[in-house]
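Novice: here's my sequence, what's the structure:
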Amino acid sequence: MSGFNRFGGGMNMQNMLKQAQKMQADMERKKQELAETELVGVSGGGMVEVTISGTNEIKAVRIKPEAVDPDDVEMLEDLVLSAIRDAQNKAKELSNSSLGAFSL
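Specialist: Next up, the predicted model:
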């Protein structure tokens, strides 16, 4: 009987390894999808837009000319920061929903 248990255990281990490899491949595919996904953070009613990848890489910053006031640079800085945070929050939500199944 002990030989039977070892064989059965070996099969379970093989299945577990296959499942782990499949999970790792799925996770890598999801990470690649995140890297290729672009999200746009917006502030000031669309005056500033920041495009970011699903992995938090900033791709572009767009500022409408009417958002630029030389007498109020701090406002523009705040708008840019707010748009970045908006984009990062969207990326975090996407990452959590895409990779959540792989978290422990």
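Novice: the strands in the chain, which residues?
Specialist: Here the chain has its strands, by DSSP state E, at 38-43, 48-53, 58-63.
Novice: between the first one and strand 58-63, what angle do the directions make?
Specialist: Direction vectors for strand 38-43 and strand 58-63, defined by axes from the mean of the first three to the mean of the last three CA atoms, to 10 degrees, enclose an angle of 30 degrees.
Novice: partner strands of strand 38-43, parallel or antiparallel?
Specialist: strand 48-53 (antiparallel) (DSSP bridges).
Novice: could I get the average pLDDT for the strand it pairs with?
Specialist: Across strand 48-53, pLDDT averages out at 96.
Novice: for the longest helix anywhere in the chain, what is the average pLDDT?
Specialist: What stands out as the longest helix in the chain, according to DSSP state H, is helix 2-36. For helix 2-36, the mean pLDDT works out to 79.
Novice: mind checking the strands of the chain for the one nearest to residue 78?
Specialist: strand 38-43 (8.0 Å; CB to CB). Every residue, glycine included, has its C-beta placed from N, CA and C.
Novice: next, the buried residues of that closest one.
Specialist: Within strand 38-43, the residues that qualify as buried are 39-43, counting by 16 or more other CB atoms under 10 Å.
Novice: likewise stretch 56-71?
Specialist: By 16+ other CB under 10 Å, the buried positions in stretch 56-71 come out as 63, 67.
Novice: what comes into contact with it?
Specialist: With CB atoms under 8 Å, 6 or more residues apart in numbering as the test, stretch 56-71 has contacts from 35, 38, 44, 46-53, 75-76, 79-80, 83-84, 87-88, 91.
Novice: which among the residues you listed count as buried?
Specialist: Applying 16+ other CB under 10 Å to the contacts of stretch 56-71 flags 44, 47-53, 76, 79-80, 83-84, 87-88, 91 as buried.
Novice: ok, residue 98 - contacts?
Specialist: Residue 98 makes contacts with 30, 33-34, 54, as judged by CB under 8 Å, 6+ apart.
Novice: can you list the residues you listed in CSV and add distance to residue 65 and neighbour count?
Specialist: CSV is the format used below for the contacts of residue 98 (distance: CB to CB, whole Å; neighbours: other CB atoms under 10 Å):
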residue, distance to residue 65, neighbour count
30, 39, 17
33, 35, 13
34, 33, 18
54, 30, 23
